[in-house]
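Asker: need a structure here:
(chains A and B)
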There are 2 protein chains.
Amino acid sequence: MENRGKLYVIGNGPGDISLTAPKAADVIKNADLICGYKPYVEQITPLINARTEVFTNGMTGEMERVQVALEHCAKGLKVALVCGGDASLYSMASLVFELSEDVDAIEIIPGITSALSASAKLGAPVSDDMVILSMSDLLTPWELIRKRIDAVNIGDFVCAIYNPRSRKRTTQLPYAVEKFMTARGDLPCGWVKNCDREDEQICVTTLRQLDFEQIDMSTVVIVGSTKTFIKSGKMVSPRGYTEKYST
Amino acid sequence: MENRGKLYVIGNGPGDISLTAPKAADVIKNADLICGYKPYVEQITPLINARTEVFTNGMTGEMERVQVALEHCAKGLKVALVCGGDASLYSMASLVFELSEDVDAIEIIPGITSALSASAKLGAPVSDDMVILSMSDLLTPWELIRKRIDAVNIGDFVCAIYNPRSRKRTTQLPYAVEKFMTARGDLPCGWVKNCDREDEQICVTTLRQLDFEQIDMSTVVIVGSTKTFIKSGKMVSPRGYTEKYST
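Answerer: This is a model prediction of the structure:
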(Lines give C-alpha, C1' and ligand atoms only; values in the text may rest on other atoms or scores of the structure.)
Protein backbone atom coordinates (compact mmCIF):
# COMPACT_ATOMS: atom_id res chain seq x y z
CA MET A 1 0.00 0.00 0.00
CA GLU A 2 3.05 2.28 0.09
CA ASN A 3 2.39 3.81 -3.30
CA ARG A 4 -1.26 4.35 -2.63
CA GLY A 5 -2.59 7.59 -4.01
CA LYS A 6 -4.20 10.26 -1.95
CA LEU A 7 -6.72 12.92 -2.86
CA TYR A 8 -6.68 16.05 -0.74
CA VAL A 9 -9.62 18.39 -1.17
CA ILE A 10 -8.31 21.76 -0.05
CA GLY A 11 -9.99 24.97 0.97
CA ASN A 12 -7.71 27.83 -0.18
CA GLY A 13 -9.55 30.33 1.94
CA PRO A 14 -10.66 33.68 0.48
CA GLY A 15 -8.72 35.46 -2.26
CA ASP A 16 -5.56 36.36 -0.32
CA ILE A 17 -2.89 33.70 0.07
CA SER A 18 -2.12 34.99 3.58
CA LEU A 19 -5.40 33.32 4.60
CA THR A 20 -4.44 29.90 3.20
CA ALA A 21 -3.63 27.59 6.13
CA PRO A 22 -0.10 26.09 6.37
CA LYS A 23 -1.62 22.60 6.20
CA ALA A 24 -3.19 23.44 2.82
CA ALA A 25 0.03 25.10 1.62
CA ASP A 26 2.11 22.02 2.53
CA VAL A 27 -0.17 19.73 0.55
CA ILE A 28 -0.06 22.07 -2.45
CA LYS A 29 3.76 22.20 -2.32
CA ASN A 30 4.06 18.40 -2.20
CA ALA A 31 1.35 17.41 -4.66
CA ASP A 32 2.04 15.47 -7.86
CA LEU A 33 -1.02 17.02 -9.49
CA ILE A 34 -3.07 20.10 -8.72
CA CYS A 35 -6.63 20.25 -10.05
CA GLY A 36 -9.00 23.16 -9.78
CA TYR A 37 -11.10 25.94 -11.16
CA LYS A 38 -8.64 28.23 -12.94
CA PRO A 39 -9.02 31.40 -10.79
CA TYR A 40 -8.60 29.40 -7.55
CA VAL A 41 -5.44 27.73 -8.82
CA GLU A 42 -4.07 31.15 -9.87
CA GLN A 43 -4.56 32.38 -6.31
CA ILE A 44 -2.06 29.84 -5.00
CA THR A 45 0.51 30.08 -7.83
CA PRO A 46 3.36 31.07 -5.46
CA LEU A 47 2.90 27.77 -3.61
CA ILE A 48 3.11 25.50 -6.67
CA ASN A 49 6.32 23.56 -7.32
CA ALA A 50 7.80 23.58 -10.81
CA ARG A 51 7.62 19.76 -10.96
CA THR A 52 3.91 19.66 -10.12
CA GLU A 53 1.41 19.04 -12.90
CA VAL A 54 -1.57 21.36 -13.04
CA PHE A 55 -5.01 20.70 -14.47
CA THR A 56 -7.44 23.63 -14.54
CA ASN A 57 -10.79 24.18 -16.16
CA GLY A 58 -13.70 26.61 -16.02
CA MET A 59 -17.15 26.90 -14.50
CA THR A 60 -19.45 23.88 -15.00
CA GLY A 61 -16.27 21.79 -15.22
CA GLU A 62 -16.85 20.40 -11.71
CA MET A 63 -17.52 16.79 -12.73
CA GLU A 64 -14.50 16.63 -15.05
CA ARG A 65 -12.24 18.27 -12.46
CA VAL A 66 -13.20 15.74 -9.80
CA GLN A 67 -12.92 12.81 -12.22
CA VAL A 68 -9.41 13.86 -13.28
CA ALA A 69 -8.44 14.13 -9.61
CA LEU A 70 -9.90 10.71 -8.75
CA GLU A 71 -8.28 8.99 -11.75
CA HIS A 72 -4.82 10.26 -10.85
CA CYS A 73 -5.34 9.36 -7.21
CA ALA A 74 -6.26 5.81 -8.28
CA LYS A 75 -2.95 5.64 -10.21
CA GLY A 76 -1.07 6.27 -6.96
CA LEU A 77 -0.50 10.03 -7.21
CA LYS A 78 -0.86 12.68 -4.52
CA VAL A 79 -3.53 14.98 -5.87
CA ALA A 80 -4.58 18.37 -4.48
CA LEU A 81 -8.03 19.46 -5.59
CA VAL A 82 -8.07 23.16 -4.70
CA CYS A 83 -11.27 25.03 -3.88
CA GLY A 84 -11.92 28.66 -3.03
CA GLY A 85 -12.95 29.35 0.57
CA ASP A 86 -13.75 26.10 2.34
CA ALA A 87 -13.33 22.66 0.75
CA SER A 88 -16.89 21.55 1.47
CA LEU A 89 -19.23 24.56 1.70
CA TYR A 90 -20.51 25.33 -1.84
CA SER A 91 -17.49 23.38 -2.95
CA MET A 92 -16.15 20.06 -4.23
CA ALA A 93 -15.79 17.72 -1.21
CA SER A 94 -19.25 16.13 -1.40
CA LEU A 95 -18.95 15.48 -5.14
CA VAL A 96 -15.60 13.79 -4.49
CA PHE A 97 -17.21 11.41 -1.98
CA GLU A 98 -20.12 10.78 -4.36
CA LEU A 99 -17.86 9.78 -7.23
CA SER A 100 -15.08 8.04 -5.31
CA GLU A 101 -14.69 4.28 -5.11
CA ASP A 102 -12.03 4.52 -2.41
CA VAL A 103 -13.29 6.86 0.27
CA ASP A 104 -10.33 6.14 2.57
CA ALA A 105 -7.94 7.78 0.08
CA ILE A 106 -9.68 11.15 0.57
CA GLU A 107 -8.68 13.84 3.05
CA ILE A 108 -10.54 17.12 3.37
CA ILE A 109 -8.61 20.20 4.53
CA PRO A 110 -11.03 22.95 5.58
CA GLY A 111 -10.60 26.64 4.80
CA ILE A 112 -11.92 30.06 5.77
CA THR A 113 -15.28 30.53 4.11
CA SER A 114 -16.57 33.77 2.54
CA ALA A 115 -19.29 34.29 5.16
CA LEU A 116 -16.60 34.71 7.79
CA SER A 117 -14.09 36.66 5.70
CA ALA A 118 -16.88 39.03 4.59
CA SER A 119 -18.12 39.32 8.18
CA ALA A 120 -14.63 40.37 9.27
CA LYS A 121 -14.66 43.21 6.71
CA LEU A 122 -18.14 44.43 7.71
CA GLY A 123 -17.51 44.50 11.47
CA ALA A 124 -19.00 41.59 13.39
CA PRO A 125 -22.43 40.87 11.88
CA VAL A 126 -21.80 37.15 12.38
CA SER A 127 -21.54 36.44 16.07
CA ASP A 128 -23.70 33.46 16.86
CA ASP A 129 -26.49 31.35 15.31
CA MET A 130 -26.70 31.95 11.58
CA VAL A 131 -27.98 30.68 8.27
CA ILE A 132 -25.75 30.33 5.23
CA LEU A 133 -27.88 30.43 2.11
CA SER A 134 -27.27 30.56 -1.64
CA MET A 135 -29.63 32.38 -3.99
CA SER A 136 -28.60 30.13 -6.87
CA ASP A 137 -31.34 27.78 -8.05
CA LEU A 138 -29.03 25.91 -10.44
CA LEU A 139 -28.66 22.98 -8.02
CA THR A 140 -31.32 23.76 -5.38
CA PRO A 141 -35.01 24.14 -6.36
CA TRP A 142 -36.31 27.69 -5.91
CA GLU A 143 -39.24 26.32 -3.89
CA LEU A 144 -36.79 25.02 -1.26
CA ILE A 145 -34.82 28.30 -1.27
CA ARG A 146 -38.11 30.12 -0.57
CA LYS A 147 -38.77 27.89 2.44
CA ARG A 148 -35.27 28.62 3.68
CA ILE A 149 -35.83 32.38 3.35
CA ASP A 150 -38.94 31.97 5.52
CA ALA A 151 -36.92 29.89 7.99
CA VAL A 152 -34.39 32.74 8.34
CA ASN A 153 -37.26 35.00 9.45
CA ILE A 154 -38.78 32.42 11.80
CA GLY A 155 -35.47 32.00 13.61
CA ASP A 156 -34.51 35.69 13.36
CA PHE A 157 -31.12 34.50 12.13
CA VAL A 158 -28.24 36.53 10.78
CA CYS A 159 -28.01 35.31 7.17
CA ALA A 160 -24.99 35.16 4.88
CA ILE A 161 -26.05 35.02 1.24
CA TYR A 162 -23.78 33.39 -1.34
CA ASN A 163 -24.29 33.77 -5.11
CA PRO A 164 -26.74 36.61 -4.49
CA ARG A 165 -27.09 37.71 -8.09
CA SER A 166 -25.78 37.09 -11.61
CA ARG A 167 -26.61 38.60 -14.97
CA LYS A 168 -29.28 35.96 -15.48
CA ARG A 169 -30.46 35.64 -11.88
CA THR A 170 -31.70 39.05 -10.80
CA THR A 171 -35.01 38.37 -9.03
CA GLN A 172 -33.99 36.05 -6.17
CA LEU A 173 -32.20 38.59 -3.97
CA PRO A 174 -34.96 41.24 -4.21
CA TYR A 175 -37.48 38.51 -3.30
CA ALA A 176 -35.48 37.57 -0.19
CA VAL A 177 -34.97 41.20 0.84
CA GLU A 178 -38.70 41.86 0.49
CA LYS A 179 -39.50 38.83 2.66
CA PHE A 180 -36.96 39.88 5.30
CA MET A 181 -38.35 43.45 5.42
CA THR A 182 -41.96 42.29 5.64
CA ALA A 183 -41.19 39.95 8.53
CA ARG A 184 -38.58 41.92 10.44
CA GLY A 185 -38.42 45.50 9.13
CA ASP A 186 -35.45 47.39 7.75
CA LEU A 187 -32.46 45.36 9.02
CA PRO A 188 -28.79 46.35 8.84
CA CYS A 189 -27.03 44.60 6.01
CA GLY A 190 -23.74 44.74 4.19
CA TRP A 191 -21.85 43.23 1.31
CA VAL A 192 -18.29 42.54 0.27
CA LYS A 193 -17.37 42.17 -3.38
CA ASN A 194 -14.13 40.39 -4.36
CA CYS A 195 -13.30 39.80 -0.70
CA ASP A 196 -9.55 39.85 0.04
CA ARG A 197 -8.72 40.54 -3.59
CA GLU A 198 -7.25 43.68 -5.15
CA ASP A 199 -10.56 45.14 -6.24
CA GLU A 200 -12.35 44.50 -2.95
CA GLN A 201 -15.40 46.69 -2.26
CA ILE A 202 -17.20 46.93 1.07
CA CYS A 203 -20.62 48.42 1.84
CA VAL A 204 -22.58 48.66 5.10
CA THR A 205 -26.19 49.77 4.66
CA THR A 206 -29.75 48.61 5.42
CA LEU A 207 -32.12 46.38 3.47
CA ARG A 208 -34.17 49.35 2.27
CA GLN A 209 -31.12 51.13 0.88
CA LEU A 210 -29.45 48.09 -0.66
CA ASP A 211 -28.48 48.79 -4.28
CA PHE A 212 -28.99 45.49 -6.10
CA GLU A 213 -27.16 46.76 -9.19
CA GLN A 214 -23.87 46.76 -7.30
CA ILE A 215 -24.16 43.10 -6.32
CA ASP A 216 -22.81 40.29 -8.49
CA MET A 217 -21.67 36.65 -8.29
CA SER A 218 -18.44 37.63 -6.52
CA THR A 219 -20.31 39.34 -3.70
CA VAL A 220 -21.34 37.98 -0.31
CA VAL A 221 -24.28 39.74 1.34
CA ILE A 222 -24.78 39.55 5.11
CA VAL A 223 -28.20 40.46 6.52
CA GLY A 224 -28.38 41.12 10.26
CA SER A 225 -30.95 39.92 12.77
CA THR A 226 -33.28 42.27 14.66
CA LYS A 227 -30.47 42.62 17.25
CA THR A 228 -27.83 43.79 14.75
CA PHE A 229 -26.93 47.50 14.79
CA ILE A 230 -24.56 49.79 12.92
CA LYS A 231 -21.81 51.55 14.90
CA SER A 232 -19.42 53.96 13.16
CA GLY A 233 -20.05 52.24 9.84
CA LYS A 234 -19.62 48.68 11.14
CA MET A 235 -22.31 46.00 11.51
CA VAL A 236 -22.41 44.56 15.02
CA SER A 237 -24.53 41.64 16.26
CA PRO A 238 -24.23 41.65 20.05
CA ARG A 239 -23.93 38.25 21.70
CA GLY A 240 -25.46 39.41 24.96
CA TYR A 241 -22.38 39.70 27.16
CA THR A 242 -22.94 43.37 27.90
CA GLU A 243 -26.56 42.71 28.90
CA LYS A 244 -25.63 39.69 30.95
CA TYR A 245 -22.82 41.34 32.87
CA SER A 246 -24.28 44.85 33.27
CA THR A 247 -25.80 45.65 36.65
CA MET B 1 -1.20 59.19 14.54
CA GLU B 2 2.00 57.22 14.00
CA ASN B 3 1.92 55.57 17.38
CA ARG B 4 -1.74 54.73 17.18
CA GLY B 5 -2.56 51.37 18.68
CA LYS B 6 -4.26 48.60 16.85
CA LEU B 7 -6.43 45.78 18.08
CA TYR B 8 -6.47 42.64 15.96
CA VAL B 9 -9.15 40.10 16.79
CA ILE B 10 -7.78 36.83 15.48
CA GLY B 11 -9.35 33.49 14.70
CA ASN B 12 -6.73 30.81 15.50
CA GLY B 13 -8.66 28.18 13.64
CA PRO B 14 -9.32 24.76 15.20
CA GLY B 15 -6.91 23.11 17.65
CA ASP B 16 -3.99 22.45 15.29
CA ILE B 17 -1.58 25.31 14.55
CA SER B 18 -1.23 24.04 10.96
CA LEU B 19 -4.72 25.47 10.41
CA THR B 20 -3.82 28.96 11.70
CA ALA B 21 -3.58 31.31 8.69
CA PRO B 22 -0.23 33.04 7.97
CA LYS B 23 -1.96 36.42 8.37
CA ALA B 24 -2.98 35.50 11.92
CA ALA B 25 0.47 34.07 12.66
CA ASP B 26 2.18 37.29 11.49
CA VAL B 27 0.04 39.43 13.78
CA ILE B 28 0.72 37.12 16.73
CA LYS B 29 4.50 37.25 16.08
CA ASN B 30 4.52 41.06 15.92
CA ALA B 31 2.10 41.89 18.73
CA ASP B 32 3.08 43.88 21.82
CA LEU B 33 0.40 42.13 23.85
CA ILE B 34 -1.51 38.90 23.36
CA CYS B 35 -4.84 38.50 25.17
CA GLY B 36 -7.00 35.43 25.21
CA TYR B 37 -8.71 32.52 26.87
CA LYS B 38 -5.88 30.41 28.27
CA PRO B 39 -6.33 27.23 26.18
CA TYR B 40 -6.49 29.22 22.93
CA VAL B 41 -3.30 31.11 23.75
CA GLU B 42 -1.57 27.81 24.60
CA GLN B 43 -2.44 26.51 21.11
CA ILE B 44 -0.34 29.23 19.49
CA THR B 45 2.60 29.19 21.94
CA PRO B 46 5.17 28.39 19.20
CA LEU B 47 4.22 31.64 17.44
CA ILE B 48 4.69 33.93 20.47
CA ASN B 49 7.81 36.11 20.67
CA ALA B 50 9.76 36.21 23.93
CA ARG B 51 9.32 40.00 24.14
CA THR B 52 5.54 39.84 23.79
CA GLU B 53 3.41 40.32 26.88
CA VAL B 54 0.65 37.79 27.43
CA PHE B 55 -2.60 38.20 29.32
CA THR B 56 -4.79 35.09 29.71
CA ASN B 57 -7.82 34.30 31.78
CA GLY B 58 -10.55 31.67 32.02
CA MET B 59 -14.16 31.14 30.99
CA THR B 60 -16.58 33.99 31.81
CA GLY B 61 -13.55 36.30 31.61
CA GLU B 62 -14.69 37.63 28.22
CA MET B 63 -15.48 41.20 29.32
CA GLU B 64 -12.19 41.58 31.20
CA ARG B 65 -10.20 40.09 28.33
CA VAL B 66 -11.69 42.54 25.84
CA GLN B 67 -11.29 45.49 28.21
CA VAL B 68 -7.60 44.71 28.78
CA ALA B 69 -7.12 44.47 25.01
CA LEU B 70 -8.93 47.79 24.37
CA GLU B 71 -7.04 49.63 27.12
CA HIS B 72 -3.67 48.59 25.76
CA CYS B 73 -4.73 49.44 22.22
CA ALA B 74 -5.75 52.93 23.42
CA LYS B 75 -2.24 53.33 24.88
CA GLY B 76 -0.77 52.81 21.39
CA LEU B 77 0.12 49.12 21.55
CA LYS B 78 -0.43 46.44 18.92
CA VAL B 79 -2.73 43.96 20.62
CA ALA B 80 -3.71 40.49 19.38
CA LEU B 81 -6.90 39.16 20.95
CA VAL B 82 -6.80 35.47 20.06
CA CYS B 83 -9.94 33.38 19.67
CA GLY B 84 -10.45 29.69 18.91
CA GLY B 85 -11.89 28.92 15.47
CA ASP B 86 -13.17 32.10 13.84
CA ALA B 87 -12.77 35.57 15.37
CA SER B 88 -16.48 36.42 15.14
CA LEU B 89 -18.60 33.25 15.22
CA TYR B 90 -19.33 32.42 18.88
CA SER B 91 -16.34 34.57 19.60
CA MET B 92 -15.07 37.99 20.70
CA ALA B 93 -15.28 40.33 17.67
CA SER B 94 -18.78 41.67 18.33
CA LEU B 95 -18.03 42.36 21.99
CA VAL B 96 -14.92 44.29 20.92
CA PHE B 97 -17.03 46.53 18.66
CA GLU B 98 -19.62 46.97 21.41
CA LEU B 99 -17.08 48.15 23.96
CA SER B 100 -14.71 50.06 21.68
CA GLU B 101 -14.62 53.84 21.44
CA ASP B 102 -12.34 53.77 18.40
CA VAL B 103 -13.79 51.33 15.91
CA ASP B 104 -11.23 52.26 13.23
CA ALA B 105 -8.42 50.80 15.35
CA ILE B 106 -9.96 47.32 15.10
CA GLU B 107 -9.13 44.69 12.49
CA ILE B 108 -10.77 41.27 12.41
CA ILE B 109 -8.81 38.33 10.99
CA PRO B 110 -11.14 35.42 10.27
CA GLY B 111 -10.36 31.76 10.97
CA ILE B 112 -11.56 28.26 10.17
CA THR B 113 -14.62 27.56 12.28
CA SER B 114 -15.44 24.24 13.98
CA ALA B 115 -18.46 23.52 11.77
CA LEU B 116 -16.14 23.28 8.78
CA SER B 117 -13.23 21.52 10.49
CA ALA B 118 -15.67 18.97 11.96
CA SER B 119 -17.36 18.58 8.58
CA ALA B 120 -13.98 17.76 7.01
CA LYS B 121 -13.46 14.95 9.54
CA LEU B 122 -16.94 13.48 9.02
CA GLY B 123 -16.83 13.43 5.19
CA ALA B 124 -18.78 16.22 3.53
CA PRO B 125 -22.00 16.70 5.50
CA VAL B 126 -21.72 20.45 4.93
CA SER B 127 -22.01 21.16 1.24
CA ASP B 128 -24.47 23.99 0.77
CA ASP B 129 -27.16 25.88 2.70
CA MET B 130 -26.81 25.29 6.42
CA VAL B 131 -27.72 26.48 9.89
CA ILE B 132 -25.13 26.99 12.58
CA LEU B 133 -26.79 26.76 15.96
CA SER B 134 -25.67 26.71 19.59
CA MET B 135 -27.56 24.73 22.23
CA SER B 136 -26.31 27.07 24.96
CA ASP B 137 -29.02 29.21 26.53
CA LEU B 138 -26.55 31.27 28.58
CA LEU B 139 -26.72 34.22 26.16
CA THR B 140 -29.66 33.23 23.91
CA PRO B 141 -33.15 32.59 25.37
CA TRP B 142 -34.23 28.95 25.11
CA GLU B 143 -37.50 30.10 23.49
CA LEU B 144 -35.53 31.55 20.55
CA ILE B 145 -33.36 28.42 20.27
CA ARG B 146 -36.57 26.36 20.03
CA LYS B 147 -37.79 28.52 17.15
CA ARG B 148 -34.46 28.05 15.43
CA ILE B 149 -34.68 24.26 15.80
CA ASP B 150 -38.09 24.44 14.08
CA ALA B 151 -36.58 26.64 11.36
CA VAL B 152 -33.93 23.97 10.66
CA ASN B 153 -36.73 21.51 9.95
CA ILE B 154 -38.75 23.96 7.85
CA GLY B 155 -35.77 24.61 5.58
CA ASP B 156 -34.50 21.00 5.71
CA PHE B 157 -31.08 22.44 6.47
CA VAL B 158 -27.91 20.62 7.41
CA CYS B 159 -27.26 21.86 10.95
CA ALA B 160 -23.98 22.24 12.80
CA ILE B 161 -24.55 22.32 16.56
CA TYR B 162 -22.05 24.12 18.81
CA ASN B 163 -22.02 23.74 22.61
CA PRO B 164 -24.33 20.73 22.32
CA ARG B 165 -24.10 19.61 25.94
CA SER B 166 -22.38 20.37 29.22
CA ARG B 167 -22.63 18.80 32.67
CA LYS B 168 -25.41 21.25 33.55
CA ARG B 169 -27.08 21.47 30.13
CA THR B 170 -28.20 17.97 29.23
CA THR B 171 -31.78 18.41 27.94
CA GLN B 172 -31.33 20.77 24.96
CA LEU B 173 -29.66 18.36 22.53
CA PRO B 174 -32.16 15.51 23.13
CA TYR B 175 -34.97 18.05 22.60
CA ALA B 176 -33.50 19.11 19.25
CA VAL B 177 -32.87 15.52 18.14
CA GLU B 178 -36.47 14.59 19.01
CA LYS B 179 -37.75 17.55 16.96
CA PHE B 180 -35.52 16.68 14.00
CA MET B 181 -36.67 13.02 14.04
CA THR B 182 -40.34 13.92 14.34
CA ALA B 183 -40.15 16.29 11.38
CA ARG B 184 -37.67 14.51 9.11
CA GLY B 185 -37.11 10.96 10.38
CA ASP B 186 -33.83 9.29 11.33
CA LEU B 187 -31.21 11.52 9.68
CA PRO B 188 -27.49 10.79 9.35
CA CYS B 189 -25.48 12.68 11.94
CA GLY B 190 -21.98 12.78 13.29
CA TRP B 191 -19.82 14.41 15.87
CA VAL B 192 -16.22 15.39 16.41
CA LYS B 193 -14.85 15.83 19.91
CA ASN B 194 -11.63 17.84 20.45
CA CYS B 195 -11.35 18.49 16.71
CA ASP B 196 -7.74 18.69 15.46
CA ARG B 197 -6.37 18.08 18.95
CA GLU B 198 -4.48 15.07 20.29
CA ASP B 199 -7.48 13.36 21.80
CA GLU B 200 -9.77 13.86 18.80
CA GLN B 201 -12.72 11.46 18.51
CA ILE B 202 -14.94 11.07 15.45
CA CYS B 203 -18.31 9.33 15.16
CA VAL B 204 -20.68 8.95 12.19
CA THR B 205 -24.11 7.59 13.11
CA THR B 206 -27.81 8.49 12.86
CA LEU B 207 -30.05 10.56 15.13
CA ARG B 208 -31.68 7.44 16.61
CA GLN B 209 -28.36 5.89 17.55
CA LEU B 210 -26.72 9.06 18.84
CA ASP B 211 -25.21 8.44 22.29
CA PHE B 212 -25.71 11.72 24.18
CA GLU B 213 -23.38 10.60 26.98
CA GLN B 214 -20.38 10.82 24.66
CA ILE B 215 -21.08 14.45 23.75
CA ASP B 216 -19.65 17.34 25.73
CA MET B 217 -18.79 21.07 25.40
CA SER B 218 -15.79 20.29 23.20
CA THR B 219 -17.91 18.44 20.65
CA VAL B 220 -19.48 19.71 17.44
CA VAL B 221 -22.48 17.74 16.20
CA ILE B 222 -23.52 17.87 12.54
CA VAL B 223 -27.01 16.72 11.61
CA GLY B 224 -27.65 16.02 7.93
CA SER B 225 -30.63 17.01 5.79
CA THR B 226 -33.01 14.50 4.21
CA LYS B 227 -30.58 14.35 1.27
CA THR B 228 -27.55 13.38 3.38
CA PHE B 229 -26.38 9.75 3.18
CA ILE B 230 -23.62 7.64 4.71
CA LYS B 231 -21.05 6.07 2.37
CA SER B 232 -18.28 3.85 3.75
CA GLY B 233 -18.56 5.52 7.13
CA LYS B 234 -18.57 9.11 5.81
CA MET B 235 -21.45 11.59 5.82
CA VAL B 236 -22.16 13.00 2.36
CA SER B 237 -24.63 15.76 1.45
CA PRO B 238 -24.86 15.75 -2.36
CA ARG B 239 -25.04 19.15 -4.02
CA GLY B 240 -26.92 17.89 -7.05
CA TYR B 241 -24.13 17.81 -9.64
CA THR B 242 -24.54 14.10 -10.33
CA GLU B 243 -28.29 14.51 -10.82
CA LYS B 244 -27.86 17.60 -12.96
CA TYR B 245 -25.22 16.15 -15.24
CA SER B 246 -26.46 12.55 -15.49
CA THR B 247 -28.34 11.69 -18.67
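Asker: near chain B at all, stretch A:169-178?
Answerer: No: against chain B, stretch A:169-178 shows no contacts by Cβ under 8 Å from any Cβ of the partner chain, the least distance being 12.4 Å. Bear in mind the C-beta positions are built from the backbone N, C-alpha and C, glycine included.
Asker: what's the neighbour count on the closest residue to residue A:188 other than its chain neighbours?
Answerer: Of all residues not flanking residue A:188 in the chain, residue A:224 sits nearest, at 4.2 Å (Cβ to Cβ, 6 or more residues apart in numbering or on different chains). Residues lying near residue A:224 (other Cβ atoms under 10 Å in any protein chain shown) number 28.
Asker: ok, residue A:224 - contacts?
Answerer: The contact partners of residue A:224, taken as Cβ atoms under 8 Å, 6 or more residues apart in numbering or on different chains, are A:125, A:158, A:187-189, A:235, A:237.
Asker: beta partners for the nearest residue to residue A:27 once chain neighbours are set aside?
Answerer: With Cβ to Cβ, 6+ apart as the measure, residue A:8 is the residue that lies nearest to residue A:27, at 4.7 Å, once sequence neighbours are left out. Residue A:8 has these beta-bridge partners by DSSP bridges: residue A:80, residue A:107.
Asker: ok, residue A:32 - contacts?
Answerer: Residue A:32 makes contacts with A:52-53, A:72, A:77-79, as judged by Cβ under 8 Å, 6+ apart.
Asker: that one and chain B, how far apart?
Answerer: Residue A:32 sits 21 Å away from chain B, going by Cβ to the nearest Cβ, to the nearest Å.
Asker: do the same with residue A:121
Answerer: Per Cβ to the nearest Cβ, residue A:121 is found 8 Å from chain B.
Asker: next, the angle from the strand or helix carrying residue A:131 to strand B:130-134.
Answerer: Per DSSP states H and E: residue A:131 is located in strand A:130-134. Between strand A:130-134 and strand B:130-134, the angle comes out at 180 degrees (axes from the mean of the first three to the mean of the last three Cα atoms, to 10 degrees).
Asker: the closest residue in space to residue A:197 that isn't next to it in sequence and residue B:230, how far apart?
Answerer: Leaving aside its sequence neighbours, residue A:197 sits nearest to residue A:15 (Cβ to Cβ, 6+ apart; 3.8 Å). As for residue A:15, its distance to residue B:230 is 34 Å (criterion: Cβ to Cβ, to the nearest Å).
Asker: of these two, who's got more company?
Answerer: Just comparing residue A:15 and residue B:230: by other Cβ under 10 Å the higher neighbour count belongs to residue A:15, 21 against 18.
Asker: I'd say that one and residue A:192 touch.
Answerer: No: using Cβ atoms under 8 Å as the test, residue A:15 is too far from residue A:192 to be in contact (10.6 Å).
Asker: need the residues touching each of the two.
Answerer: By Cβ under 8 Å, 6+ apart, the residues touching both residue A:15 and residue A:192 are residue A:200.
Asker: follow-up on the earlier one: show me what the strand holding residue A:131 is packed up against.
Answerer: With contacts defined as 3 or more Cβ pairs under 8 Å, 6 or more residues apart in numbering or on different chains; DSSP states H and E, the packing partners of strand A:130-134 are helix A:142-154, strand A:158-162, strand B:130-134.
Asker: output these in a markdown table; the columns should cover distance to residue A:103 and mean neighbour count.
Answerer: Shown next, in a markdown table, are those (distance: least, Cβ to Cβ, whole Å; neighbours: other Cβ atoms under 10 Å in any protein chain shown):
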| stretch | distance to residue A:103 | mean neighbour count |
| --- | --- | --- |
| helix A:142-154 | 27 | 18 |
| strand A:158-162 | 27 | 26 |
| strand B:130-134 | 22 | 26 |
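Asker: this completes my enquiry, with thanks.
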